[in-house]
Structure formats: structure tokens, C-alpha cells
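A.B. asks: Predicted model follows, preceded by the sequence.
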Amino acid sequence: MLLYADALRAAIGLVGVAIAAVIALWHKIVNWAKDSLFPWIERNLPSILSVAQKAFAWVDENVAVPIRRMAKKAWEEFRKYLLKTIIRLERRNASQWERRITSFVVEVLTPQTPVVKKVETVEEVDWDDLPDDVRSAWMKSSQQSHDLDVTASRDQQLETLEMTN
């Protein structure tokens with residue numbers, strides 16, 4: 001059971017990291033190149049401007065866009081089986097928090113009778129390993145627990161991804 005939850009958590013994490021990196025970094029890099037790099041090359045090394053532009057266009061066409069499409073497709077496929085994942089972080093004492101990851105997954109996907117399974121893992125988390133927003137919320141309001149809807153966050157990232165194509 002623990003192995004399944006670990007694999008599920010790793011898959012969600014990898015998809016999230018891939019989506020975030022492609023969305024955030026590639027667009028910033030392309031904008032920086034258009035605003036700063038290409039004008040600098042045009043002023044200082046005009047003979048290689050077309051090569052630099054072609055290189056960025058090649059990376060966009062052959063790396064960035066295919067990865068974005070692959071990440072979207074992978075999440076859409078994975079989402080057929082993952083109905084919802086919630087992470088609940090709850091304070092236990094001064095230095096320890098509990099992380100409870102609850103996922104509802106379709107174990108057998110058939111049109112007649114889908115089988116839904118609840119998968120739950122619980123582990124202790126040190127203060128230092130909590131997300132920044134959880135620590136900040138606790139410092140400001142002594143909030144004893146924090147819930148994160150992982151599937152909703154990833155779905156939102158997917159919507160953002162669709163708007164950038």
C-alpha cells in the first residue's frame with residue numbers, strides 16, 4: 001500500500017514540476033531573448049542573429065512545445081484514475097507536523113462499474129520540511145492545520161498551460 005502511495009505522490013510531483021518549469025521558465029527565457037538577447041546580438045554580433053533566432057525557434061518547436069503537450073496528455077490520462085488528492089498538514093507539537101495524503105483513485109476503470117479506492121498515507125514532517133506558505137500561515141495565525149487540494153492545483157496548472165498554447 002505504501003509503495004502505491006509513494007508512486008502516486010512521485011507521479012503527481014513530477015507532472016507538477018514539469019508543468020511549472022515549462023510554463024514559467026520557457027516563456028521567461030523566450031521573452032528575455034526577444035527583449036534583451038536578440039537586440040544585444042543584433043548590435044554586437046549581427047552575423048549570428050539569424051542563427052540564434054533559429055536555435056530558439058528549434059528549441060521551442062522540438063523541445064518546449066512537445067514537453068508541454070506531453071505533460072498535458074500525461075496529466076489528462078492520469079486524471080482518469082485519480083479523482084482527488086488532498087494533503088492535510090496538522091501540527092502535533094512544537095517541531096513535528098503530520099502529513100496525511102488521501103487519494104481517491106479508480107482502481108478498475110470500466111464503464112459499468114468503476115471501482116474507487118481510498119489510499120491514505122501518514123507521516124511525520126519536521127518544521128523545516130513544511131511548505132513555506134504553511135509555516136507562514138502558522139506564524140501569522142497559529143493555524144494548526146493546512147489542507148492542500150493537489151488535484152485542483154494541478155488542474156489549474158493545466159488550464160494555465162492550455163491558455164499559453
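C.D. replies: Received, thanks.
A.B. asks: mind listing the helices for this protein?
C.D. replies: For the chain, the helices defined by DSSP state H occupy 2-21, 27-32, 38-44, 49-59, 65-79, 132-141, 150-164.
A.B. asks: would you list the ones you listed in TSV and tack on mean pLDDT?
C.D. replies: Output for the helices of the chain, formatted as TSV (pLDDT from 0 to 100):
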stretch	mean pLDDT
helix 2-21	66
helix 27-32	85
helix 38-44	96
helix 49-59	93
helix 65-79	83
helix 132-141	82
helix 150-164	72
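A.B. asks: Dump those to CSV, plus mean neighbour count and distance to residue 117.
C.D. replies: (Glycine included, C-beta is placed from N, CA and C.) Listed next are the helices of the chain as CSV, based on neighbours: other CB atoms under 10 Å; distance: least, CB to CB, whole Å:
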stretch, mean neighbour count, distance to residue 117
helix 2-21, 14, 9
helix 27-32, 12, 38
helix 38-44, 13, 52
helix 49-59, 13, 41
helix 65-79, 15, 15
helix 132-141, 12, 27
helix 150-164, 14, 15
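A.B. asks: Let me have those in a markdown table, extended by distance to residue 95.
C.D. replies: Shown next, in a markdown table, are these (distance: least, CB to CB, whole Å):
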| stretch | distance to residue 95 |
| --- | --- |
| helix 2-21 | 23 |
| helix 27-32 | 37 |
| helix 38-44 | 50 |
| helix 49-59 | 45 |
| helix 65-79 | 35 |
| helix 132-141 | 12 |
| helix 150-164 | 25 |
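A.B. asks: of those helices, which approaches residue 123 most closely?
C.D. replies: helix 2-21 (9.6 Å; CB to CB).
A.B. asks: still on that earlier bit, can you say which of the helices of the chain is nearest to residue 108?
C.D. replies: With CB to CB as the criterion, residue 108 lies closest to helix 2-21 of these, at 14.3 Å.
A.B. asks: relative to its centroid, which residue of the protein is most remote?
C.D. replies: The C-alpha centroid of the chain is most remote from residue 47, which lies 39.7 Å away (CA atoms, centre = their mean).
A.B. asks: Quick one: closest of the helices of the chain to residue 105.
C.D. replies: Of those, nearest to residue 105 by CB to CB is helix 2-21, at 7.2 Å.
A.B. asks: before we move on, back to that, with residue 106 as the reference, name the closest of the helices of the chain.
C.D. replies: For those, the distance to residue 106 is smallest for helix 65-79, at 10.1 Å, taking CB to CB.
A.B. asks: now the closest one against helix 49-59, angle please.
C.D. replies: Per axes from the mean of the first three to the mean of the last three CA atoms, to 10 degrees, the angle that helix 65-79 makes with helix 49-59 is 10 degrees.
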